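Mind folding the following:
(chains A and B)
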There are 2 protein chains.
Amino acid sequence: MKRHREAEVSDSGLESGMSLIVTGTIGIDTIFTPDGQHREGVLGGSCAYFAAAASHYGPVRLVAAVGEDFPDEHRQVLASFANIDARGLETRAGSKTFRWSGKYLDNMDHRETLSTDLNVLEEAPPRVPEAFKDSQYIFLANSHPQVQMDMLAQVPDAKLSVADTMDLWINIAKDDLTRLLRKVDGLVLNYDEAELYTGAKNPVTAGRKLLGHGPRFVVIKKGEHGCILVHRDGIAALPAYPAEQVIDPTGAGDTFAGGMMGHIASTAQGEDPGSFDVIRRALAHGTIIASFTIETFSLERLAEITDAQIGERYDEFAAMMRLH
Amino acid sequence: MKRHREAEVSDSGLESGMSLIVTGTIGIDTIFTPDGQHREGVLGGSCAYFAAAASHYGPVRLVAAVGEDFPDEHRQVLASFANIDARGLETRAGSKTFRWSGKYLDNMDHRETLSTDLNVLEEAPPRVPEAFKDSQYIFLANSHPQVQMDMLAQVPDAKLSVADTMDLWINIAKDDLTRLLRKVDGLVLNYDEAELYTGAKNPVTAGRKLLGHGPRFVVIKKGEHGCILVHRDGIAALPAYPAEQVIDPTGAGDTFAGGMMGHIASTAQGEDPGSFDVIRRALAHGTIIASFTIETFSLERLAEITDAQIGERYDEFAAMMRLH
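Alright, predicted model coming up:
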């Protein structure tokens, strides 16, 4: 982990070494929470959340497109994370940024989408900049599986590729998703999405069925109930960090993935980055960084947490589950 | 842990040492599962499940009442667990045994009660035999909180007392339950019951509110999602064992408590049996024994598992969560 505010990341630091890349969306969110709070037009999107989380572990390259309406203040927030290399952020003249509005129900694990304006997401996807094509670790944040496939093809040297997905693509582009599964090392998806894709209600069974389509591992996310890892070489379950302060769960899944991939990219040099034990341990880092995300809106908490705070909570989490 | 089939439990062995006692119900269950299987008239009830689980860790004294219709075969099943001391099992002439019938819905975490015949449970509760009154560890399995209070009063030397409860008592006897909370060291209840009692949707907040009524710790059970421990001295979360074979979840919660209390009673000699770390570790034992319970109907799996099988799964579970 490197503190993003302190790290002096040189150009060569961003180019070499960890070379983690994330492709996905950057959006402008409006969010309503059950306690009556709401925030209008905050920075969101899978890429933004992922990169902010991963940046606490090391450099991360971001590829996404926004419109000319993308506010300067949001650009400055991204720039405040020194480890985020935003050279892959395309700003398109004449286009509008993706916008999403949602409302969390009483149970924070469920939300209702109030409006979605795809805008720039309906246009051609962004391109991976030349300088990013040597990336070794790639996370394909949620988008159409064809777009994910296209992004993956632009990063030919990836040692570890992991994709997220959502119910929409399982419903309308399942064949594309199945083709993607043959190409990636890992898949991250929600509990109900794993059931939707496989028809299996048991998450371990669902995970095994997904492995049958190609990936080495599947991470089934259960929100406040943690996650299950189904890997060719083993099964593991992890609880979520038992958080009492949950304001806005938006981005929890993306930052979970960001912590996981950021940890792997920063530590797995030399060893197999997709091994059962590497992934299992990385999930704990994802769990901890996600537990900070939900403490307030947007990237606010991720912008202010320190290494010491992350490390302290990680140690508490590890001690909580230490049995031998 | 002692293997119940091998243990040579002398009378003095049953009388002294661990002296764990459980009070609750023994019933005759009829169970329908989503895969179309069903079992008619099998041995069930909180006491039976708890005792069978706890008996894998050491002696356990059982206090419950059945009617004269209680089948010999069920009596023999109980007797097959050498560590169960059933001298507290009252068989009442002219009475009928408690019967319950239920159907599990597609999601194994939810069930529908088809019929309940309280029978002997509507009569005076059983008495704690003289020989059991020196028990040091008491588990008050689910029943009316007044009955639980009465049972607790008959075991005055208890070093650790833990109660289970259910939504019914929160709805119709909340004041009695609140009085009970002042008397016990710990409470075990389901996630939705914790919310029902406290009005708090967050399980940690709900647990803290429950601590405000007296107990040192609260264990919030989440079925397939594990459990959360809210203790005066700390918070912990544990996943469930990621089981693929789930046939009948009946008794999972009772055997979880049985493993927890059995482990404490067999190992906590000398140390504070209600400390955060003792309870936290005990929950992992409860988790593992419960994962065997659900692999088939009634006490069938608990009757056949060996120490080696329990130990192996426990070690696997511990390794799954080892981070430091």
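
and the closest residue to A:Asp248 other than its chain neighbours, what pLDDT?
Counting by CB to CB, 6 or more residues apart in numbering or on different chains, A:Phe297 is the residue found nearest to A:Asp248 once chain neighbours are left out, at 4.7 Å. For glycine as for every other residue, the C-beta is placed from the backbone atoms N, C-alpha and C. According to the predicted model, the pLDDT of A:Phe297 comes to 94.

so what's A:Phe297 up against?
With contacts taken as CB atoms under 8 Å, 6 or more residues apart in numbering or on different chains, A:Phe297 has the following neighbours: A:31, A:37, A:39, A:42, A:247-248, A:250.

For the spatially most central residue of chain A, which three-state class applies?
Most central in chain A under CA atoms, centre = their mean is A:Asp254, positioned 2.8 Å from the mean C-alpha point. Reduced to three states with DSSP: H, G, I helix; E, B strand; the rest coil, the structure at A:Asp254 is helix.

Isn't it up against A:Ala53?
Yes: shown here, A:Asp254 and A:Ala53 form a contact pair, counting by CB atoms under 8 Å, at 7.3 Å.

Going along the chain, name the helices of chain A.
Shown for chain A, the helices assigned by DSSP state H span residues A:11-15, A:46-54, A:72-80, A:145-153, A:167-172, A:174-181, A:191-198, A:203-211, A:252-267, A:276-293, A:300-304, A:307-320.

Most tightly packed of these?
Scoring the helices of chain A by mean neighbour count under mean count of other CB atoms under 10 Å in any protein chain shown gives helix A:46-54 as the most buried, with a mean of 32.

between that one and helix A:276-293, what angle do the directions make?
Compare the direction of helix A:46-54 with that of helix A:276-293 by axes from the mean of the first three to the mean of the last three CA atoms, to 10 degrees and you get 100 degrees.

Helix A:46-54 relative to helix A:72-80, how many degrees between them?
Between the axis of helix A:46-54 and that of helix A:72-80 there is an angle of 40 degrees, by the same axes, to 10 degrees.

want to try a markdown table for the helices of chain A, with distance to B:Ile26 and mean pLDDT as columns?
As requested, those are exported to a markdown table (distance: least, CB to CB, whole Å; pLDDT from 0 to 100):
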| stretch | distance to B:Ile26 | mean pLDDT |
| --- | --- | --- |
| helix A:11-15 | 67 | 41 |
| helix A:46-54 | 51 | 97 |
| helix A:72-80 | 62 | 97 |
| helix A:145-153 | 54 | 97 |
| helix A:167-172 | 45 | 95 |
| helix A:174-181 | 50 | 98 |
| helix A:191-198 | 36 | 97 |
| helix A:203-211 | 33 | 98 |
| helix A:252-267 | 44 | 97 |
| helix A:276-293 | 41 | 97 |
| helix A:300-304 | 51 | 96 |
| helix A:307-320 | 35 | 96 |
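
Can I get these in TSV including distance to B:Thr23?
Putting the helices of chain A into TSV (distance: least, CB to CB, whole Å) gives the following:
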stretch	distance to B:Thr23
helix A:11-15	65
helix A:46-54	49
helix A:72-80	59
helix A:145-153	56
helix A:167-172	47
helix A:174-181	52
helix A:191-198	37
helix A:203-211	36
helix A:252-267	42
helix A:276-293	39
helix A:300-304	47
helix A:307-320	31
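
Now do the contacts for the residue lying closest to A:Glu224 once chain neighbours are set aside.
The shortest distance from A:Glu224 to any residue that is not its chain neighbour, by CB to CB, 6+ apart, is 5.2 Å, and that residue is A:Ala240. Going by CB under 8 Å, 6+ apart, A:Ala240 touches A:222-227, A:287, A:290-291, B:237.

Just the ones in strands from those residues, please.
A:227, B:237 (DSSP state E).

just curious, which of the contacts of A:Ala240 is nearest to A:Leu323?
B:Ala237 (13.3 Å; CB to CB).

for A:Ala235, which residues make a bridge with it?
In this structure residue A:235 is Ile, not Ala. Following DSSP bridges, A:Ile235 is listed with bridge partners A:Val230.

so what's it scoring on pLDDT?
Model confidence at A:Ile235, given as pLDDT, is 97.
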